[in-house]
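# Could you work out the structure for the sequence below:
(chains A, B, C and D)
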Number of protein chains: 2
Amino acid sequence: MARKRQRITLEDVAREAGVSPMTVSRVINNTGRISQATREHVREVIARLDYRPSRIARSLVTNETHMIGLVVPDIASPYFAEIVQGAEEIAWEKGYSILLANTSENPQRELAVLPQIEETKVDGLIWCSSRLPEETLLALLEKHASAVVVNRQAPPHLASVVRSRHGLGYRARRAAAFLIQTGRRRIGYLQLYRSAAAAPIEDFMAELARWGVEINRAWYIPCAPLWQSGYEHTQQLIARHPELDAIIGGNDLVALGAMRAVLEAGRRVPDDIAIIGGDDIFLAGQVTPALTTFHVPKHEIGVMAARLLFKRLEGDTTYHEHLFDERLIVRESAPLPPGVTLDL
Amino acid sequence: MARKRQRITLEDVAREAGVSPMTVSRVINNTGRISQATREHVREVIARLDYRPSRIARSLVTNETHMIGLVVPDIASPYFAEIVQGAEEIAWEKGYSILLANTSENPQRELAVLPQIEETKVDGLIWCSSRLPEETLLALLEKHASAVVVNRQAPPHLASVVRSRHGLGYRARRAAAFLIQTGRRRIGYLQLYRSAAAAPIEDFMAELARWGVEINRAWYIPCAPLWQSGYEHTQQLIARHPELDAIIGGNDLVALGAMRAVLEAGRRVPDDIAIIGGDDIFLAGQVTPALTTFHVPKHEIGVMAARLLFKRLEGDTTYHEHLFDERLIVRESAPLPPGVTLDL
DNA sequence: CTGTTAGCGCCTTCAG
DNA sequence: CTGAAGGCGCTAACAG
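Numbers count the residues shown, from 1 in each chain, chains lettered A, B, ... in the order given. Sure thing, here's the model as predicted:
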C-alpha cells in the first residue's frame, strides 16, 4: 500500500524560499559556495516546512544508501547480539543504518539473504561467522563492493577480516591441553557444525595424540550451536560413555547445555566431569558452577568490523585485519587443582 | 565512495531481449498479461545477465521500500534480542528487511533515531519499549504511516499494540503478593527507570498496604535495566537495610545482579533473602538458585508485532492489539514453602 | 499482449 | 555565487 501522503520535496522548499532547487540542495549538503544570507534563509524555510530529504531519491543518483548490511547466524545468541550492538554503535556514529539479516544458522537462508541485501544496495556488508563453504562465500563476496568478514578468512581484495589471532580450532586444542594438564584423560568434544571456529576433528585428535592421551572418535560429536543441542547430545554421550571425565563445548551455550545434562544425570561438575565452553557469554560467569571458557571480545569485534568497513567505504581499499585474543578464563567447571601451576 | 561499477539495468535486459523495458518490468513483477513465450525469453535473459532490479529505483516510484524499522532499547539484552529474532523471522517471510536501531536505553538517541528512520522511508515501524514520555511518543508516531508499539499503549489511529494483558506494574504487585504469601515481610524493589512495565511506586506501595505489610520508601530504588545496576544497587541496599528479606528486580538481569550481590555479601538465597525477577530470560533457569520470575513470550511478541504491522501495511488500518500473558514461574530463588498452596 | 510517455526527488554538469 | 537541463532505474497510466 503506497501512502500518497504529500511529501515535502526539495522543490517545495525552493519555491517557498524563492530560490532554485539546486540552491536548496547545496544548503542541505553543505557543498558549493552559497551566500550566508541565502543559506540562512533556506535553512529557515527547511525548518519551517519540516522538510526532510528523501534518502531514496538521493541514493538513486549518488549510488550510496548509507546502509550497511549485517548478516548473523543467530541474533538471539548472546554472542552475536553483542557483536551487533558494537557494529550498530559505530554505524550510528557515522550516520549509517543497519540492515539486519538473521540467517537462523541456515546456509540456505544465508544464500537467499545476500541477493536481497544486494538489491537494497547497501554500501557495505558485515558478514559474521558464515556457515557457507569457502567457495560459495568467496563467490558471494565478489558481488559486494565493500565487505568485512568476521570469524572467517577472505582474500585481501575481497574483504577485510576480523578474526581470532589464534586461528582455527585453537580453543578446542587449548581446552584439551588444559584439561589434560589438570588431570583429565577421557575428553568428550561437542564440535559445532559448520562453525568456522571448529577445527577439523583430526586437528583436535592430533592435539590429544601429542599428549599421549586416549582418542575415541565416539566421544566427539557434532552439535548445533544451541543450548538444547548441547543438552541432548550430552545426555546421550554420558549415557553411552560414562567413562568421560571432561567435556568441551563448542561454545558456551552448548557447554551450559552439557553442564545441565551432566548435573541432571547425577554426576558432579567438575569432580566427575569437567566442562569447558567457548565464548564467555555473560551467562558463563553466573551459573553454578561457573563455566571455564575462553574470553572473546564480542563488542570489540562488532566495533572493529564496522570500523574496518568504514575504512573501505572511505576509500581505503587496502586489506585490513583485526585480530583479537581468546583468553582462557578458568572458573569452577574446569578448575586449576590446588597445587597445580600452569602458565595461562 | 560511490561505486561506479556498471550496474545492469532493466534497460540492458530489454535491449538484449529485444523488448521494451516495460515488458521486462512486467515479467519481474508478474503483473499484466504477457505471452508465455516472451516471459520465458525475458526470464532467460535476466538469468543470463544476472540482472537484479534496484529496489532504490523502484522505491522512488512506488513509495515502498520493503523495509521496516525496528527500534529497541538494547539489542544485547536477551529480552530484546528474542523479540528482534521473532520480528525478523516474519519480515523475512514477507520479503521485507529489518532496519535496526538500537537506542542504548537513551531517550535522546531514541529521539534522534526516528528522523533517520523516517528519511529512509521505511514502510512501517516496530517500536519496542520506548523510554520516551507519552506526548513525545505520540507526536513521533504521528509521522509514521504504519506503526506497532510494543510494551506501551497508543491511540488506535496511530498504531497497533503488543502488550501484557495485565497492564502496568502487574509484575511488581504480583511478585509482592507472592512474597508476602510465602512469608516475606520486608520487600525491596529495584524499579526500572522509565520502563513502561514499571508501575508508579505508589501503586506498588498500595499493593503492600493492601496486605498490611511494612512500607519503607528507602527500600525502593530506581535502577537501570542492566545486571551491573542491579548488582551495585543491591550492594548498597542490603548494606543499608539488612532487615530486607526479599528483593524484586524490575527484570531478570537486574534480579540476577541482585542475587549475585546478596550471595557475595554472605547472605543466602532464598533462606535469608528471596529474589524475584521479571522476564524469564534464558539465563534465569540456569543459575543457582534458579530465578523465580515471570514468563514473557518474547519471541511471540516479536512475531506478533510484525504480523500486526503487516496487517496495517496490507491495508487493514483498524486497530489491533495483541495481549500476552505474564505467568509467574516459581523456581528456587523465591520458592513456595513446603505445605503452602497458592493458586498461581 | 506490448510499447510510449512521463515522472518519482534528488544531484551532476555546465552555464551564467 | 546561482540556475537550467538532464538523468539515476524504475513503474503508472495510457495507447495501440
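# Just give the number of residues close to whichever residue of the stretch 1-150 of chain A sits closest to DNA strand D.
Going by C-beta to the nearest atom of the strand, DNA strand D is nearest to residue A:33 of the stretch 1-150 of chain A, at 3.0 Å. Where C-beta positions appear, they are placed from N, C-alpha and C, glycine not excepted. Using other C-beta atoms under 10 Å in any protein chain shown, residue A:33 has 6 neighbouring residues.
# Is it in a helix, a strand, or coil?
Using DSSP: H, G, I helix; E, B strand; the rest coil, the secondary structure recorded for residue A:33 is coil.
# State the phi and psi torsions of it.
Main-chain torsions, residue A:33, degrees, to the nearest 10: phi -100, psi 140.
# gap between it and DNA strand C?
From residue A:33 across to DNA strand C, the span is 10 Å (C-beta to the nearest atom of the strand, to the nearest Å).
# Report pLDDT for that residue.
With respect to pLDDT, residue A:33 scores 80.
# so where's chain A shaky on pLDDT?
Scanning chain A for pLDDT under 70 picks out A:1-6, A:194-199, A:342-344.
# What parts of it come near DNA strand D?
Within chain A, the positions near DNA strand D by C-beta under 7 Å from any atom of the strand are A:19-20, A:22-23, A:26, A:32-35, A:37-39, A:57, A:60-61.
# Pick out the most distant pair among those residues.
Farthest-apart pair in the residues of chain A next to DNA strand D is A:37 and A:60; separation 31.4 Å (C-beta to C-beta).
# between those two, who's got more neighbours?
Higher neighbour count among residue A:37 and residue A:60: residue A:60, with 18 against 8, using other C-beta under 10 Å.
# Stretch A:266-278: which residues count as buried?
Neighbour counts using 16 or more other C-beta atoms under 10 Å in any protein chain shown place A:269, A:270, A:272, A:273, A:274, A:275, A:276, A:277, A:278 of stretch A:266-278 among the buried residues.
# picking up where we left off before, make a PyMOL selection of the buried ones in the residues of chain A next to DNA strand D.
Only the buried entries of those go into this PyMOL selection, using 16+ other C-beta under 10 Å:
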select buried, chain A and resi 19+23+26+34+38+57+60
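# out of the residues of chain A next to DNA strand D, which are inside helices?
Here DSSP state H is the test, and the residues of chain A next to DNA strand D give A:22, A:23, A:26, A:37, A:38, A:39, A:57, A:60, A:61 as lying in helices.
# quick one: contacts for the third one?
Taking C-beta atoms under 8 Å, 6 or more residues apart in numbering or on different chains as the definition of contact, the neighbours of residue A:26 are A:32, A:34.
# list the contacts for residue A:122?
When contacts are taken as C-beta under 8 Å, 6+ apart, residue A:122 is in contact with A:65, A:67, A:68, A:69, A:99.
# For the helix or strand harbouring the fourth one, output the C-alpha coordinates as PDB.
Under the criterion DSSP states H and E, the helix or strand holding residue A:69 is strand A:67-72. What follows is strand A:67-72 as a C-alpha-only set of coordinates in PDB (Å, rounded to 0.1, in the frame of the first residue of the first chain):
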ATOM      1  CA  MET A  67      23.000   1.500   5.000                       C
ATOM      2  CA  ILE A  68      25.200  -1.400   5.900                       C
ATOM      3  CA  GLY A  69      24.100  -5.000   5.800                       C
ATOM      4  CA  LEU A  70      24.800  -7.100   8.800                       C
ATOM      5  CA  VAL A  71      24.500 -10.800   8.500                       C
ATOM      6  CA  VAL A  72      24.500 -13.000  11.600                       C
END
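# returning to what we had before: and the contacts of residue A:122 as a markdown table, adding distance to residue A:180 and neighbour count?
Formatted as a markdown table, the contacts of residue A:122 follow (distance: C-beta to C-beta, whole Å; neighbours: other C-beta atoms under 10 Å in any protein chain shown):
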| residue | distance to residue A:180 | neighbour count |
| --- | --- | --- |
| A:65 | 52 | 23 |
| A:67 | 48 | 23 |
| A:68 | 43 | 28 |
| A:69 | 43 | 26 |
| A:99 | 45 | 23 |
